[in-house]
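>>> quick one: sequence and predicted model below, then my questions.
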Amino acid sequence: MAPQQRLDERAPVFVISVAAELSGMHPQTLRQYDRLGLVSPQRTSGRGRRYSARDVANLREVQRLSQEEGINLAGIKRILELQDEVGALQEQLDRVSEALAAMTPSDRRRVFSADRTGEVSALRRGERPGRRQSGALVLWRPPRRGGGA
């Protein structure tokens with residue numbers, strides 16, 4: 001049995017009539033949204049529109065925001081732009097976090113802790129924040145195992 005291949009959600013695979021049917025809209029509405037820059041599908045060499053699964057999801061979101069939330073098209077366009085920006089920043093953060101984790105030995109990684117007042121402290125794994133004494137943070141360390149002095 002061949003392994004299942006996952007469809008890339010950004011692959012431009014749907015012609016406008018299929019995308020319209022999948023999104024529950026009229027093809028003319030999709031053309032209008034393309035002109036407004038709300039959902040811009042990729043184009044074939046003959047200038048035909050090709051929608052991805054992500055485009056269809058965005059079309060459904062446009063419809064939901066418009067009909068259920070009463071948001072105008074300019075507001076919806078800004079929301080979609082911000083969602084794309086947040087997604088790109090999340091991907092970048094994930095890559096940076098992975099790179100940082102790969103560069104830092106596990107025994108040197110830091111953990112952050114906040115006390116009742118909201119004061120944040122950076123600790124090493126295994127350390128626990130102690131109580132504040134005269135403004136200074138005292139760290140509590142677990143006793144060493146193995147009978148060392």
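The structure has been received and is ready for your questions. Predicted model, so just to flag it, every value in this text is computed and none were measured.
>>> ok, residue 52 touching residue 10?
Yes - taking contacts as CB atoms under 8 Å, residue 52 lies within contact range of residue 10: 5.0 Å. For every residue, glycine as well, the C-beta is placed using N, CA and C.
>>> out of these two, which sits in the more crowded spot?
Ranked by neighbour count (other CB atoms under 10 Å), residue 52 and residue 10 place residue 52 first, with 20 against 11.
>>> now the more buried one: how far from residue 12?
Distance of residue 52 to residue 12, given as CB to CB, to the nearest Å: 5 Å.
>>> same thing with residue 30?
Computed with CB to CB, the distance linking residue 30 and residue 12 is 13 Å.
>>> re the thing from before, any shared contact partners between residue 52 and residue 12?
41-42 (CB atoms under 8 Å, 6 or more residues apart in numbering).
>>> returning to what we had before: more crowded one of residue 30 and residue 12?
Using other CB under 10 Å as the criterion, residue 30 and residue 12 rank with residue 30 on top: 24 against 19.
>>> break this protein down into its domains, please.
Domain assignment of the chain by automatic domain parsing yields the ranges 16-77, 106-140.
>>> helix or strand for residue 123, which one?
Assessed by DSSP states H and E, residue 123 sits inside strand 120-124.
>>> intersection of neighbour lists for residue 30 and residue 12?
Taking CB under 8 Å, 6+ apart as the criterion, residue 30 and residue 12 both touch 41, 51.
>>> and residue 25, what is it in contact with?
59, 63.
>>> switch to 6 Å and redo it
For residue 25, the contact set (CB atoms under 6 Å, 6 or more residues apart in numbering) is empty.
>>> and it, what are its phi and psi?
phi -130, psi 170 (degrees, to the nearest 10).
>>> same deal with residue 62?
Dihedral pair for residue 62: phi -60, psi -50, per degrees, to the nearest 10.
>>> doesn't residue 75 make contact with it?
No - judged on CB atoms under 6 Å, residue 62 makes no contact with residue 75 at a distance of 10.7 Å.
>>> who's more crowded, these two?
residue 62 (24 against 13).
>>> how near is that one to residue 104?
According to CB to CB, residue 62 stands 42 Å off from residue 104.
>>> ok, residue 86 next?
Residue 86 sits 26 Å away from residue 104, taking CB to CB as the criterion.
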